[in-house]
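Enquirer: how would this look folded up:
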Amino acid sequence: MSDTLYARVRAATADTSYRLRRTGRGFDMTVDVPQAGRNTTQVHTYRVELHPREKTFTMTDVIRTQERGAFGTSSHTVERGRARYRTWGRSLDGSERTSFSSADGHRLIRGAAQELGWEELRPASEKTALIAGAIGGLIALGTLIACAVVFLL
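Expert: I've put the predicted structure just below:
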């Protein structure tokens, strides 16, 4: 069953810049992100963990960025979670225009999974962020109400 999903995603990524690799619990779909600067490289990986018995999957974005500085220095960052962003760039001579949207990879995987009846579960990091955002919003709302009551009386 998970082989069918993997094959469907592989067919959808044929003749694209996406690369697929099986993992122990699913697969990774990786793409090099075009950057405006020549000293920065970024690789976006869509890590898909499959749960074949339930026909569910989780998708986590892993973004690795490397920036090269002066005198051979460099910095590396790795971000995990759910990322939604878009980049635009041009080749060094200005002749070729490139763009990337992280949503395209999400849609590709979700489309293949949906055709086969799979359901996406949110990763734990996204659930945690949603809960923290809701709590922060409630605190801010309470603060605004308290300020309104104090200043209106």
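Enquirer: so where's the protein uncertain?
Expert: 1, 36-37, 90-94, 123-127 (pLDDT under 70).
Enquirer: for it, which helix is longest?
Expert: In the chain, with assignment by DSSP state H, the single longest helix is helix 124-152.
Enquirer: Run through the neighbouring helices and strands of that one.
Expert: The contact analysis (3 or more CB pairs under 8 Å, 6 or more residues apart in numbering; DSSP states H and E) places helix 124-152 against strand 74-81. In short, each C-beta sits where N, CA and C put it, glycine included.
Enquirer: The strand it packs on pairs with which strands, parallel or anti?
Expert: Using DSSP bridges, the strands paired with strand 74-81 in its sheet are strand 56-68 (antiparallel).
Enquirer: how distant is the strand it pairs with from the center of its chain?
Expert: Chain-centre distance of strand 56-68: 6 Å, with CA atoms, centre = their mean, to the nearest Å.
Enquirer: relative to helix 124-152, how tilted is that strand?
Expert: 80 degrees (axes from the mean of the first three to the mean of the last three CA atoms, to 10 degrees).
Enquirer: for strand 56-68, which positions count as buried?
Expert: By neighbour count on 16 or more other CB atoms under 10 Å, the buried set for strand 56-68 is Phe57, Thr58, Met59, Thr60, Asp61, Val62, Ile63, Thr65.
Enquirer: And stretch 16-35, by the same measure?
Expert: So stretch 16-35, judged by 16+ other CB under 10 Å, has buried residues Tyr18, Leu20, Gly26, Phe27, Met29, Thr30, Val31, Val33, Pro34, Gln35.
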